[in-house]
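Colleague: Build me a model from this:
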Amino acid sequence: MARADTVRFPGRLLFLTEDPAGITRQLQGHAHAPDPAPDGEGAGLRDNISTDEITPGWVCYYYDETLAEYCLVGLRGGVIQKGDVKNGGFSVVVSGRSKGCGSSRETAPYSELKAGVGLVLARSIEKIYGQNAQNIGLLTSTDFGLLPRIQRGEAIPLEEFTRGLDPISADIVRAGGLFEYSKARMRGEARPPVVTTLPRPMTLSEKILARHCLTDLSRDTVGVPALAPGDALFVRADVRFSHEYVTPMADALFRGAFGEDARVTEPGSVYTFRDHLTFLDDIMPEAHVKMGLRDVARRLAVVQEDFAKVQGVKHYGEVENQVGRGSHAICHNAVLEDIALPGQVVAGTDSHTCMAGALGCFAFGVGSTDMAAAWYTRDVRVKVPETVKVHLRGALGPWVSAKDVMLHLLSQPFFRDGRGIGKVLEFTGPGAFGLPLDERATLTNMSVEAGGFTGILEADEVVVDYLVRRRGLDPEAVRARVVRADPDATYAYAFDLDLAALVPMVATPGDPRNGLPLGDLGRDVKIDIAYGGSCTGGKKADMDMYARVLSQAHARGQRVAPGVQLYLQFGSQDIRRYAEEKGYVAVFEAVGAQLINPSCGACIKAGPGVSGRPDEVTVSAINRNFPGRSGPGQVYLASPYVVAASALAGRIVAPAA
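Modeller: Presented below is the predicted three-dimensional model:
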């Protein structure tokens, strides 16, 4: 059912200010009267409100209207409690730059919508969050000129919220959401625009998307000669996957939209993963147990398994081995090891799906609604993004890694100011291709921390050799899949980095874009926890780095510092076997590390390694450190080298030369 041509917001406006007292006053019923500039500058509004703050991990055990009760309960400062937003009569939420950064969880905008919010207004809005909002019918805008009109009670033309959108996104907004649009599209009543871009030099991502552009839904034909940034289209996905945090919500949406008997189209290209909440029982706070959340969370895995069986899709579940219970693999590690191929389009319900870009495929995260629709249609909507070229030259120093490259890159004003939102990061140059595959995966994985659409590198002989050895593929067949950018392609922005000039980095708590050289930290930061794991920090190359530092310590008879807990977690069972065969496991145990089977775990506050108190300090090899992400403590991001060295020293340090 299409929306009306105009919309009113009769409720109150909630301004998410830097001053917690200002938010408290609004929750108590007082109006807030800022005097912002037209773009929201100078209003004292909070920047970088992540989806972890809108719906913390434990809130995501729910996937129905219960989410409304917990809207924004994770907001830093702890000023918003259960029911505050829902019961406050708010119809507009206003904040600063980079609203909705972080995880792709659609529960975040869904909680706002079901709490009565009709409009999210922010200086800039992250790509996945914004698309999820469109999909469920939550309006968004960056036009602060709307504020006085809303406050006067004006009926705002719907076109104010479609201005600047691509034609497909605009039609989805007009339809009231993706499902209404999709059903109209399946009936032939809604049609995406015909791509008319003439042949032109293209970037790597543009070439892949052009090959996957759906040109005729009824005939199932794909491929156009060329695309350009701004073109709106649907792309045929070669791989679709989801994890247990999201599968149940997507399943409910899928059946609600397409019928109880709806079946996934081409189930052979669909995968489910039990990898996020595997160890939740081990660390769930007693308060959450008393709320009944243990049973709610366990139900997610059951619903996912039932979905996989009914739909006939491959499920990566739990395993039991000498390390104990765990997951078969973290989804992103498994996609690299078993599933994705060069030149493919990969869609997953996780923001770090872009990690697969290391294989030369276009991989990106989507929300529950996008995935539910894609299960049926096999395609996902895309507005062709601009591409940022990141040219790397030289070679990394002996204690510097790809994690340091990304922390340095993310700290640049271009990304801190939000100019990277929705763009592709294409890594190239001799420095990039001189890195092993696992280190390339760190680059693409953390591209989403820049607000990027995805990260990608051209597949080369390193990738070919990996796929031949790992999967027994024919090398010529793999080479035939490789896509390369045109040498005269146009890029929106370009970076040129000399890897030899980089030093060990650290990102201070609150945002992965808070990077600075470790030597500039300026104080002695004592730690309680050192965590090496997650999709970003649990690969084979990461195990090599941990082992390099810890083997030297073991030879000196050194152990993890008193009072520090060192956790090392494998990204997959194959990575665990690798560490065993290399002798790393014996070294890790000898120095006092606690080993953990694969799972997202502490990275999403759902496994060993989470902090328990606000005053605890963690140095972590994970990809993001938004408030509350890994517990209430302070999380510093660093490379595997720094994590291992800090565990030995009891404070954040780089390895000794």
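Colleague: which residues touch residue 548?
Modeller: 641, 644, 655 (CB atoms under 8 Å, 6 or more residues apart in numbering). C-beta here means a position set from N, CA and C on the backbone, and glycine is covered the same way.
Colleague: switch to 6 Å and redo it
Modeller: Going by CB atoms under 6 Å, 6 or more residues apart in numbering, residue 548 touches no other residue.
Colleague: Kindly report the same for the one 5 residues further on.
Modeller: In this structure, residue 553 makes contact with 591, 648, judged by CB under 6 Å, 6+ apart.
Colleague: Check what pLDDT it gets.
Modeller: The predicted local distance difference test score for residue 553 is 96.
Colleague: Would you mark the buried spots in the helix or strand hosting it?
Modeller: With secondary structure defined by DSSP states H and E, residue 553 is part of helix 540-555. For helix 540-555, the neighbour count (16 or more other CB atoms under 10 Å) marks 540-554 as buried.
Colleague: what sits up against the next helix or strand after that helix?
Modeller: Later in the chain than helix 540-555, the nearest helix or strand by DSSP H and E is strand 565-569. Residues outside strand 565-569 that contact it (CB under 6 Å, 6+ apart): 529-533, 538, 546, 560, 588, 593-596, 601, 608-609, 647.
Colleague: Which of those residues are buried? Put it as a PyMOL command.
Modeller: In PyMOL, a selection of the buried entries from those looks like this (16+ other CB under 10 Å):
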select buried, resi 529+530+531+532+533+538+546+560+588+593+595+596+601+608+609+647
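Colleague: Just the contacts of strand 565-569: which are in helices?
Modeller: Secondary structure from DSSP state H places 546, 588, 647 of the contacts of strand 565-569 in helices.
Colleague: per-residue confidence for residue 36?
Modeller: Spelled out, the predicted local distance difference test score at residue 36 is 54.
Colleague: my bad, residue 109
Modeller: According to the model, residue 109 carries a pLDDT of 96.
Colleague: Name the nearest residue to it, sequence neighbours excluded.
Modeller: Spatially, and ignoring its direct neighbours in sequence, residue 109 is nearest to residue 133 (4.3 Å; CB to CB, 6 or more residues apart in numbering).
Colleague: who touches the helix ranked longest in the chain?
Modeller: When the chain is scanned for its longest helix (criterion: DSSP H), the result is helix 293-311. Counting contacts by CB under 6 Å, 6+ apart, the residues outside helix 293-311 that touch it are 61, 244, 247-248, 251, 264, 267, 272, 274, 277, 280, 284, 315.
Colleague: Walk me through which strands the helix or strand following that helix pairs with, and which way each runs.
Modeller: Past helix 293-311, further along toward the C-terminus, the next helix or strand under DSSP H and E is strand 314-316. Using DSSP bridges, the neighbouring strands of strand 314-316 in the sheet come out as strand 270-273 (parallel).
Colleague: thought residue 52 was touching residue 102?
Modeller: Yes - counting by CB atoms under 6 Å, residue 52 does reach residue 102; the two are 5.5 Å apart.
Colleague: if I look at these two, which residues touch both of them?
Modeller: residue 626.
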